[in-house]
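Q: Let's see this in three dimensions:
(2 chains)
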Amino acid sequence: MSAAAISVAGLSKRFRVGERERYVALRDLLARAITAPFRRNAGPATNSSEYIWALRDVTFEVRKGETIGIIGRNGAGKSTLLKILASITQPTEGCAEVRGRVGSLLEIGTGIHPELTGRENIYFSGSILGMKRREMDLKFDSIVEFSGVEKFLDTPMKHYSSGMHLRLAFSVAAHLDPEIFIADEVLAVGDLEFQKKCLGKMGEVAGSGRTVLFVSHQMNQIRRLCARVMWLDAGRILCCGPTAEIVTRYEAAMASGDGAMPAPREVPRGRGRFLGWRILDPQGGDPHSLEAQGPVKFAFDLELNQPVQGGRHRILLYNRDGLLVWGDDTPSLNLSPGRHRLVYRFADLPLRPGPYSWLLGLYDDRGGVDECHCVPQLNVCTEPLNNLEDERTGLLNISPDFSVEV
Amino acid sequence: MSLETNPAGETLAVAARRTLAQVETRGTVQVAVVKRIVPPGPWFAWNLRELVEYRELLYFLVWREIKVRYKQTLIGAGWAIVQPIATMLVFTLFFGRLAKIPSGGLPYPLFFYCALLPWTYFAGALAGATGSIVENQRVITKVYFPRVLLPLSAVFSGLVDFVIAFVLLIGMSLYYRVTPGPWLAFVPVFLLLAMLTAFGAGLWLASLNALYRDVRYVVPFLVQFWMFASPVAYPSSLVPERWRAFYGLNPMAGVIDGFRWAITGQNPPSLGLLAASATAVLAILVAGWWYFRRMEATVVDVV
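A: As a prediction, the model looks like this:
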């Protein structure tokens, strides 16, 4: 079971800058040829600045049955990588080996023709996605049922609503039965109910021993579906590892660009300082990451050079967007010089997974003793329980009991 | 929603399904398909095995083109006849009655229609093949299949119109009391020659069109010139004898001459001309295939 389904070695893909608009007309080419002798930089066309590497020396392996998520900002090379693995485009260097029948879903509704009826499109779209005719005959009823458009099967697709269009298209794709499934951001379309359906199907595919490689910008989807994540940046693999860790780091990196967190106040140094923080008895071994629901204890270490009389201790917890999610003030603290450990016990800290940051402060009537952002940040890596779309997840990670009562 | 999870973080239902799938997998013999993805090499081999594997998709592509062509039209497949008939009438009037082009003893309508039939097919297939890559650019950037299926499907889908128009030709030759002879058996041969010509030239033009959109404006001209370089509106006997072999380098010359003969049994084409045509087809085809394969490697990055 552990044989590699996909092995990629030193894969690179080079594009000419602006290649997509390159050949507009023969005229331009002729014009370029004519003006070439008069141009000053008549150097060779292989000027390195004309090229960009969409992928650079990418090496990785995907084991059979594994579900891998690929994350990274736009233009990081995620789609290019999928396209190479799906044989749609060819690499410039390196090689990849794919063992098993590949089904690629880079778009919902590839090959659907508006003039054809639903029935005709099921066959055509299925065929172009790689299904055999016999296979489609067998699955036809199931496809139709999943799509829920039985009544309009013999209506040209151009009369379909966009929702029906989408449902039929996804339904065909969902019945592809490849050993290796490659999907690009396909779950990010349609209404909520549809997305749930797609996700359920994806989970089914991932759970049935198939190898899945998929790109998403929805971190909660990635958390839910993938055990391992590959983070691409500027065409290279930045890191590859367990989902919780990588995704949290990714989110932290994406957030730090915003700089939304409030900067700590300047306080005169010398009277004391916070040394650091840790989770006491951490579940997963990492004292800075919260990996399970339930009771948790945080310890903050403080070193004082001078006594503090009637001091006030403040603690604030910010999420990655710089939003304050929790805060508290403890007044009337009398502390002697030396080391102190401030301990907070939570019965549960149901925070949505992601990176968080502590802001600690200690003040007395003479002013501030210390105020700082604690490093490292707190990584919450618990199982996400909420809606999988990032913008509909909210701040809390809780699953209430739901019932409908008369 | 409540989730019971095991340490791997999967729901019990998923885990159960996985176990089931594993059992199923063990029960069957898995044939491993290994595909190596490497940069395009200097020589682009013919991957005929892959074409055989994708024959069903070719069928569906042809089927789609035929279906779509006459959707929401008034006379549907009637268009397959209207075009050659109308052209035949014009030719009969101008080239026949007025210009008195020698027709080798054949009635003008039959003389022209015999030539217009393969020509109309060829022109349509060529135009279809030329546009095939660009028209399907959305599809080819999203899913893989041998790109050559696209021009190939244009070549095949034109056959339906051809067959419809051919039925009319049979009726017409009966009307003019031209009895079909054993030479009728050569119709498929010349049709194949026309298909190969359309395919070979289509490979060139489809590739060029993907790279330079100008091609789509050039093709109508090209088709027109090509028609006058073929014996559609005149017999090839008008071409001086010493130019005949050179003339035959236009494969459609061989196709049309051969077609006329296969239907009417009169004026058999010269063997030299046929040999030249067959050689030219082969050359166009091989070069077209080579050029297409070269384009295929990068087309997705460019279209």
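Q: Strands along the stretch 301-406 of chain A, start to end?
A: Counting by DSSP state E, counting those that start in this stretch, the stretch 301-406 of chain A has strands at residues A:308-318, A:324-335, A:338-346, A:354-364, A:367-373, A:378-380.
Q: between these, which gets nearest to B:I75?
A: Relative to B:I75, the nearest member of the strands of the stretch 301-406 of chain A by Cβ to Cβ is strand A:354-364, separated by 63.6 Å. Every residue, glycine included, has its C-beta placed from N, CA and C.
Q: ok so A:F214 is a helix residue?
A: No: counting by DSSP: H, G, I helix; E, B strand; the rest coil, A:F214 is not part of a helix but strand.
Q: Show the contacting residues for it.
A: A:67-70, A:181-184, A:186, A:202, A:225-226 (Cβ atoms under 8 Å, 6 or more residues apart in numbering or on different chains).
Q: before we move on, what about A:I6?
A: Here A:I6 is in contact with A:61-62, A:85, A:96-99, A:180, A:211, A:213 (criterion: Cβ under 8 Å, 6+ apart).
Q: which SSE is it in?
A: strand A:4-16 (DSSP states H and E).
Q: Pull out the buried residues from that strand.
A: A:4-8, A:11-15 (16 or more other Cβ atoms under 10 Å in any protein chain shown).
Q: any idea how far the residue of the stretch 151-300 of chain A found nearest chain B lies from A:R224?
A: Across the stretch 151-300 of chain A, no residue is closer to chain B than A:G207, which sits at 3.7 Å (Cβ to the nearest Cβ). Distance of A:G207 to A:R224, given as Cβ to Cβ, to the nearest Å: 12 Å.
Q: same check, this time on A:R341
A: 36 Å.
Q: who has more neighbours, the two?
A: The neighbour comparison of A:R341 against A:R224 (other Cβ atoms under 10 Å in any protein chain shown) goes to A:R224, with 22 against 12.
Q: Could you pull up the mean pLDDT of stretch A:338-356?
A: On average, the pLDDT along stretch A:338-356 is 89.
Q: Repeat that for stretch A:236-254.
A: For stretch A:236-254, the per-residue pLDDT averages 85.
Q: what about that stretch, distance to the chain center?
A: 9 Å (Cα atoms, centre = their mean, to the nearest Å).
Q: again, but for stretch A:215-228
A: With Cα atoms, centre = their mean, you get 5 Å for stretch A:215-228.
Q: Stretch B:80-98 now?
A: With Cα atoms, centre = their mean, you get 24 Å for stretch B:80-98.
Q: in that stretch, what counts as buried?
A: For stretch B:80-98, by 16+ other Cβ under 10 Å, it's B:80-81, B:84-85, B:87-88, B:91-92, B:95-96.
Q: Could you list which of these belong to helices?
A: Among these, the ones falling in helices (DSSP state H) are B:80-81, B:84-85, B:87-88, B:91.
Q: For B:V300, state which of those residues is nearest.
A: B:V300 lies nearest to B:A80 out of these, by Cβ to Cβ, at 34.0 Å.
Q: Quick one: residues contacting that closest one.
A: B:160-162, B:164-165.
Q: Next: A:V380.
A: Contacts of A:V380 (Cβ under 8 Å, 6+ apart): A:248, A:289-290, A:349, A:351-356, A:397.
Q: Point out the residues in the stretch 201-303 of chain B that sit beside chain A.
A: B:211-214, B:297-298, B:300-302 (Cβ under 8 Å from any Cβ of the partner chain).
Q: Out of the residues you listed, name the ones that lie in helices.
A: B:211, B:297-298, B:300-302.
Q: Now neighbour count too, for those, in CSV please.
A: Listed next are these as CSV, based on neighbours: other Cβ atoms under 10 Å in any protein chain shown:
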residue, neighbour count
B:L211, 19
B:A297, 15
B:T298, 16
B:V300, 19
B:D301, 20
B:V302, 16
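Q: could you dump those to a markdown table with distance to A:L360 and pLDDT?
A: Output for those, formatted as a markdown table (distance: Cβ to Cβ, whole Å; pLDDT from 0 to 100):
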| residue | distance to A:L360 | pLDDT |
| --- | --- | --- |
| B:L211 | 62 | 84 |
| B:A297 | 59 | 76 |
| B:T298 | 57 | 77 |
| B:V300 | 54 | 80 |
| B:D301 | 52 | 79 |
| B:V302 | 56 | 75 |
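Q: In space, what's closest to B:I284 - neighbours in sequence excluded?
A: B:G200 (3.7 Å; Cβ to Cβ, 6 or more residues apart in numbering or on different chains).
Q: Validate this expectation: the one you found resides in a helix.
A: Yes: under three-state DSSP, B:G200 sits within a helix.
Q: hang on, the earlier thing: which one of the ones in helices among the buried residues of stretch B:80-98 is nearest chain A?
A: Among those, and counting by Cβ to the nearest Cβ, the member closest to chain A is B:A80, at 18.4 Å.
Q: Name the nearest residue to the closest one, ignoring sequence neighbours.
A: B:D161 (3.6 Å).
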